[in-house]
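>>> Mind looking at a prediction? Sequence and model below.
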Amino acid sequence: MITNIIYIILIASFLIIGGWSFKAIISLLQGKPVQINFMNPLNLKARWPKDKKES
């Protein structure tokens with residue numbers, strides 16, 4: 001049971017670090033600065049519609 005949780009954490013960390021490094025390589029190849037956001041490592045954004053005020 002505990003080993004399964006450790007494996008899930010290990011795989012998730014490999015995927016996050018691999019995604020960061022892949023994004024960094026792509027940014028460097030395009031000549032852009034590398035930006036790492038520790039609060040949102042996967043760069044996920046909310047996709048729900050914004051409130052539109054009708055007048």
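Thanks, I have it.

>>> Name the nearest residue to N37, ignoring sequence neighbours.
N43 (6.7 Å; Cβ to Cβ, 6 or more residues apart in numbering). (C-beta placed from N, C-alpha, C; glycine too.)

>>> which SS class is that neighbour?
Put simply, N43 is coil when judged by DSSP: H, G, I helix; E, B strand; the rest coil.

>>> Please verify my assumption that it contacts I36.
No: assessed by Cβ atoms under 8 Å, N43 is found out of contact with I36, at 9.9 Å.

>>> Other residues contacting stretch 32-43?
When contacts are defined by Cβ atoms under 8 Å, 6 or more residues apart in numbering, stretch 32-43 is touched by residues 16, 19-20, 23-24, 27-28.

>>> measure it end to end?
Counting by Cα to Cα, to the nearest Å, you get 16 Å between the two ends of stretch 32-43.

>>> For that stretch, which residues meet the burial criterion?
For stretch 32-43, a neighbour-count test (16 or more other Cβ atoms under 10 Å) marks nothing as buried.

>>> can you give me the offset of that stretch from its chain's centre?
Here the centre of stretch 32-43 is set off from its chain's centre by 7 Å, with Cα atoms, centre = their mean, to the nearest Å.

>>> repeat for stretch 4-21
Centroid separation between stretch 4-21 and its chain, computed with Cα atoms, centre = their mean, is 12 Å.

>>> And the host helix or strand of Y7, what's buried?
Using DSSP states H and E, Y7 maps to helix 2-30. In terms of neighbour count (16+ other Cβ under 10 Å), helix 2-30 has its buried residues at 20, 23.

>>> Thank you, goodbye.
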